[in-house]
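In: coords below, sequence missing:
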């Protein structure tokens, strides 16, 4: 019919789906790792709730209570390079995935037709190897991921999201990006991906809502809630009345995920 003819050739998509996971604050308990790192240098970043509310410039200098001590330590010669070295060691040997993330990663990497991987701005030394070490320690084979992409600290994820979607020829309506910061949300929606946001990472619920306009409906407050939402979107939840999915049972964290 006249008026319904496409003005340009329709893109060809594979019948795959794409899941892009953020590492720090979404999959990995980065705050716990940073807190341990600072403690080993006699510094304190304060509780998670106040950490989430600080502007980026002050996140690691602490709030009113922590700032004076942290500043004195900086003046005394604790250099950023030493903190990064300690943080790298903590990530490789002690840092944990959030409860349920080991099972979620295994589930996603075993699904045919689901392309899944990590896009991160992790600041440890040799971040790809650091994260691979952490995943292996939790029983997750990083080789099963379709991609593990590291970006410089202040680089937008938008171009990478777009390249990944195009590389795997996935319909934007079947592509999902999970993150914990406003920039993750903006990058996802600006290239047509559906955003799954969490409020237990580097930015809290109110900051996501008020500063970035993230809809309430796409914010998960716990790793379990994120898992439920993502599996539901992928059609991987059990049929109503069926056996409960192991990923969604309210059981304690496994030994590899439990805080140490």
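Out: All right, it came through fine. Only a predicted model underlies this, so the values are computations on that prediction, with no experimental measurement involved.

In: Look through this protein and tell me its longest strand.
Out: The residue-count maximum for a strand in the chain (DSSP state E) belongs to strand 114-120.

In: how about the strands of the protein, start to end?
Out: Residue ranges of the strands in the chain, as given by DSSP E, are 17-21, 114-120, 147-150, 175-179, 194-198, 219-220.

In: quick one: low-confidence parts of the chain?
Out: Within the chain, the ranges that satisfy pLDDT under 70 run 1-10, 54-79, 239-260.

In: before we move on, back to that, and the angle for the longest strand of the chain with strand 17-21?
Out: Relative orientation of strand 114-120 versus strand 17-21 (axes from the mean of the first three to the mean of the last three C-alpha atoms, to 10 degrees): 20 degrees.

In: starting at the chain centroid, how far to strand 114-120?
Out: Remark: strand 114-120 is offset 10 Å from the chain centroid, using C-alpha atoms, centre = their mean, to the nearest Å.

In: what packs against it?
Out: Packed against strand 114-120 by the contact rule (3 or more C-beta pairs under 8 Å, 6 or more residues apart in numbering; DSSP states H and E) you find strand 17-21, helix 101-110, helix 127-137, strand 147-150, helix 158-167. The way it works is simple: take the backbone N, C-alpha and C, and place the C-beta from them, glycine included.

In: what's in contact with the fourth one?
Out: Going back to what we said before, that points to strand 147-150. With contacts defined as C-beta atoms under 8 Å, 6 or more residues apart in numbering, strand 147-150 is touched by 115, 117-122, 127-128, 131-132, 142, 160, 164.

In: For those residues, could you give me CSV that also reports neighbour count?
Out: CSV is the format used below for the contacts of strand 147-150 (neighbours: other C-beta atoms under 10 Å):
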residue, neighbour count
115, 24
117, 20
118, 26
119, 22
120, 26
121, 20
122, 22
127, 20
128, 15
131, 25
132, 19
142, 18
160, 18
164, 23
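
In: Switch these over to a markdown table; also include distance to residue 172.
Out: Shown next, in a markdown table, are the contacts of strand 147-150 (distance: C-beta to C-beta, whole Å):
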| residue | distance to residue 172 |
| --- | --- |
| 115 | 13 |
| 117 | 17 |
| 118 | 20 |
| 119 | 16 |
| 120 | 22 |
| 121 | 23 |
| 122 | 26 |
| 127 | 28 |
| 128 | 27 |
| 131 | 26 |
| 132 | 29 |
| 142 | 26 |
| 160 | 15 |
| 164 | 12 |
